[in-house]
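Participant: below are the sequence and a predicted model; questions follow.
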Number of protein chains: 2
Amino acid sequence: MSDLFPKKGHNHDRCVNTALAQAEKVCADANARFTDMRRKVFTLIWQSHKAVTAYELLDALTAEGMRVQPPTVYRALEFLSDLGLVHRIESLNAYFGCDQPDCDHLGQYFICTQCGRVAEAVNEDMSKAVHKAAGKVGFTIQATSVEIKGQCHDCATH
Amino acid sequence: MSDLFPKKGHNHDRCVNTALAQAEKVCADANARFTDMRRKVFTLIWQSHKAVTAYELLDALTAEGMRVQPPTVYRALEFLSDLGLVHRIESLNAYFGCDQPDCDHLGQYFICTQCGRVAEAVNEDMSKAVHKAAGKVGFTIQATSVEIKGQCHDCATH
DNA sequence: TGTTGAAATGTTATAATATATCATTTTCTG
DNA sequence: CAGAAAATGATATATTATAACATTTCAACA
Ligand SMILES: [Zn+2]
Ligand SMILES: [Zn+2]
Ligand SMILES: [Zn+2]
Ligand SMILES: [Zn+2]
């Protein structure tokens, strides 16, 4: 069985550093500014593999002594979303960090209802099935969201 | 090309009547009460093929002279959702009527961003792909939501 | 048929999520 | 440095959703 969610006790600093490096590159390529605020929000999102709400981010920023209002957080989230650096999980009203922001993927999100972690996977078969179904009925796809809730392997077996 | 969204000028009363008859049956089978309020909310949702928000329903009820508060609407929506008579579209915070409440389907919702209509389709290939992917990574599925936004055929060609 | 207990709805208050608008600051460009 | 554009600050408010307790309705049954 292949891995999806990272193992307990994995080197998460490595996840964060990789994500930051990727984000730097994506921003540079897009000629977009990875400002302190955006980097801060991005880093907070990457503190775990869970999805985080805008107000949790707001609270985290406040806890660090910053005087931040909701629009600031939502603006950072919009910026990061637009570049594909974070994804919004519609069914949770929450955001999580994308670990493959360069690949133009049809995201499929596995959401563990027990530990709260989210993992993204590319699924060509699913993507094909969706496009085929759309083609059949003459529907022009602009965006797709596939959110799968359940138990991750760790939670199901422990 | 097969149909997905109903044709303009179709006999919508028929849609409503069919939906009501199905709802009656589903409630009876579940030994659940299809009260006036629940029927009213259900009928309002079925006034179109669009998804409707809780507060739009509230406004509609108020417009008819009823003194209704948010919890009343949300309770009706929860009841109807639980029985599979309506589905919540996560990305719209809105609800729409299911036209095949008896089939235990993995729903796939096509959402036209232009006309606002929603259509549900069963997609075995997609369902298989999702379950296969989940199996590979040891993920136990509890619920899945597939929301596809774009343009319906009518809107794309007119 | 009247009693009663569970289910449904009413009522009030508030929590949680998100955006509009205008002011100020920062950054880039010439 | 001046001026324009982008980003952030600040204030207010809109939108979506639920908690908690009171009252009403209704079906089961003594
Ligand atoms: Zn990690
Ligand atoms: Zn888990
Ligand atoms: Zn119809
Ligand atoms: Zn349309």
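Facilitator: Everything's here; your move. Numbering: from 1, shown residues only, chains lettered A, B, ... in the order given. Ligands and ions are numbered 1, 2, ... in the order given.

Participant: please make it C-alpha for all contacts and neighbour counts, starting now.
Facilitator: Noted.

Participant: wait, residue A:136 touches residue B:4, no?
Facilitator: No - under the criterion of CA atoms under 8 Å, residue A:136 makes no contact with residue B:4, lying 9.2 Å away.

Participant: and those two? Which one has more around it.
Facilitator: residue B:4 (18 against 13; other CA atoms under 10 Å in any protein chain shown).

Participant: so the more buried one is in contact with residue A:139, correct?
Facilitator: No - in this structure, residue B:4 is not within contact of residue A:139 by CA under 8 Å, at 9.0 Å.

Participant: mind listing the helices for chain A?
Facilitator: A:12-30, A:36-45, A:54-63, A:70-82, A:124-136, A:153-157 (DSSP state H).

Participant: could you export the ones you listed as TSV, including distance to chain B and mean pLDDT?
Facilitator: TSV is the format used below for those (distance: least, CA to the nearest CA, whole Å; pLDDT from 0 to 100):
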stretch	distance to chain B	mean pLDDT
helix A:12-30	20	96
helix A:36-45	21	98
helix A:54-63	16	97
helix A:70-82	15	98
helix A:124-136	5	94
helix A:153-157	5	93
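
Participant: who wins for proximity to ligand 3 among those?
Facilitator: Nearest of those to ligand 3, taken as CA to the ion: helix A:124-136 at 20.3 Å.

Participant: how about the residues of chain A near DNA strand C?
Facilitator: Contacts of chain A with DNA strand C, taken as CA under 7 Å from any atom of the strand, map to A:33, A:53-55, A:70-71, A:74, A:93-94.

Participant: in ChimeraX, how would I select the buried members of these?
Facilitator: In ChimeraX, selecting the buried portion of the residues of chain A next to DNA strand C, with burial taken from 16 or more other CA atoms under 10 Å in any protein chain shown, looks like this:
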select /A:53,54,74,94
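
Participant: quick one: contacts for residue A:144?
Facilitator: Residue A:144 is in contact with A:106-107, B:146-149, counting by CA atoms under 8 Å, 6 or more residues apart in numbering or on different chains.

Participant: with respect to ligand 4, which of those residues is nearest?
Facilitator: Nearest member of the contacts of residue A:144 to ligand 4, counting by CA to the ion, is residue B:149, at 10.2 Å.
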